[in-house]
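Peer 1: Return atomic coordinates for the entry below.
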Amino acid sequence: MINKKVASVDEALQGVKDNMTFLLGGFGLCGIPENSINKLVALNIKNLTCISNNAGVDDFGLGLLLQKRQIKKMISSYVGENDEFERQMLSGELEVELIPQGTLSERCRAAQAGIPAFYTPAGYGTEVGEGKESRVFNGKPHILEHAFDADFAFVKAWKGDEAGNLIFKGTARNFNPVMCGAAKITVAEVEELLPAGILNPNEIHIPGIFVQRIFQGEKYEKRIEQRTVRKRV
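Peer 2: Numbering: from 1, shown residues only. So this is what the prediction gives:
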């Protein structure tokens with residue numbers, strides 16, 4: 001059995017450098033690779049292209065990389081909760097590519113499956129489709145989208161084993177699964193890391209073949225982006 005376990009986040013992120021393209025799992029603040037992001041901030045690498053559903057908030061998640069001007073381009077589907085993101089985008093400091101959420105997910109999945117490109121109707125006739133090849137299927141126009149070409153994918157799972165098998169919990173099972181194996185190197189951080197053979201095979205969401213490095217994270221904050229509660233009666 002191949003052992004994918006590494007001793008720390010430092011070892012897991014060996015090889016990251018300036019000008020790379022990263023996939024980062026999570027939706028809002030749910031299921032984000034907190035330890036990996038914090039280490040990227042500490043390494044102070046620059047000119048990054050980050051592909052993620054959103055850019056966190058001002059003082060957490062990818063917002064920390066934005067604060068230090070480490071990101072040159074964001075590829076996302078939603079960016080509404082980050083004031084610094086908005087400021088950098090409107091001032092021209094940050095290059096931004098906004099794409100439909102389903103297209104973002106499918107471009108990850110295509111990379112994971114080794115499919116170089118695909119046609120989708122999403123975005124046809126809008127700014128999203130400008131300059132892209134189009135074809136008509138069954139009377140409906142589609143545009144050509146290409147799979148992502150990323151250097152590293154950073155994902156976060158609930159449980160994992162030393163062979164790299166992963167189980168996600170609740171809504172943290174968002175963009176994380178489709179990003180596994182969608183980059184040259186996938187780094188998985190998990191809340192609980194177990195010996196190979198302990199996980200129930202029927203509960204595994206992502207097999208270890210899609211993961212190159214795995215480590216047990218620590219001190220997860222698991223912030224809630226928007227808390228809505230009912231008034232006491």
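
Peer 1: For the nearest residue in space to residue 171 that is not next to it in sequence, give me its contacts.
Peer 2: Nearest non-adjacent residue to residue 171, counting by Cβ to Cβ, 6 or more residues apart in numbering: residue 30, 5.2 Å away. The C-beta positions use only the backbone N, C-alpha and C, and glycine is treated the same way. By Cβ atoms under 8 Å, 6 or more residues apart in numbering, the contact set of residue 30 is 171, 172, 174, 225.

Peer 1: Give the next helix or strand downstream of the top helix by length along the chain.
Peer 2: The single longest helix within the chain, with elements called by DSSP state H, is helix 101-113. Next helix or strand after helix 101-113 toward the C-terminus (DSSP states H and E): strand 117-120.

Peer 1: Out of the helices and strands in this structure, which is least certain?
Peer 2: helix 83-91 (a mean of 90; mean pLDDT, DSSP states H and E).

Peer 1: So which bits of the next helix-or-strand element following that helix are buried?
Peer 2: Per DSSP H and E, the first helix or strand lying C-terminal to helix 83-91 is strand 95-98. Within strand 95-98, the residues scored as buried using 16 or more other Cβ atoms under 10 Å are residue 96.

Peer 1: circling back to that earlier point, and the longest helix of the chain, what does it pack against?
Peer 2: On a contact count with 3 or more Cβ pairs under 8 Å, 6 or more residues apart in numbering; DSSP states H and E, helix 101-113 meets strand 117-120, strand 140-146, helix 176-179.

Peer 1: hey, which of these is tucked in deepest?
Peer 2: helix 176-179 (a mean of 26; mean count of other Cβ atoms under 10 Å).

Peer 1: angle of the helix or strand following that helix against helix 101-113?
Peer 2: Next along the chain after helix 176-179, taking DSSP H and E as the criterion, comes strand 183-194. Between strand 183-194 and helix 101-113, the angle formed by their directions is 90 degrees, by axes from the mean of the first three to the mean of the last three Cα atoms, to 10 degrees.

Peer 1: List the buried residues in strand 183-194.
Peer 2: With the criterion 16+ other Cβ under 10 Å, strand 183-194 contains buried residues 183, 185, 186, 187, 188, 189, 190, 191, 193, 194.

Peer 1: and what of stretch 148-162?
Peer 2: 148, 150-162.

Peer 1: can you put those residues in a markdown table and add pLDDT, secondary structure and distance to residue 85?
Peer 2: Putting the buried residues of stretch 148-162 into a markdown table (pLDDT from 0 to 100; DSSP: H, G, I helix; E, B strand; the rest coil; distance: Cβ to Cβ, whole Å) gives the following:
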| residue | pLDDT | secondary structure | distance to residue 85 |
| --- | --- | --- | --- |
| 148 | 98 | coil | 20 |
| 150 | 98 | strand | 20 |
| 151 | 98 | strand | 22 |
| 152 | 98 | strand | 21 |
| 153 | 98 | strand | 21 |
| 154 | 98 | strand | 19 |
| 155 | 98 | strand | 22 |
| 156 | 97 | strand | 21 |
| 157 | 97 | strand | 26 |
| 158 | 97 | strand | 28 |
| 159 | 97 | strand | 32 |
| 160 | 98 | strand | 30 |
| 161 | 97 | strand | 36 |
| 162 | 97 | coil | 37 |
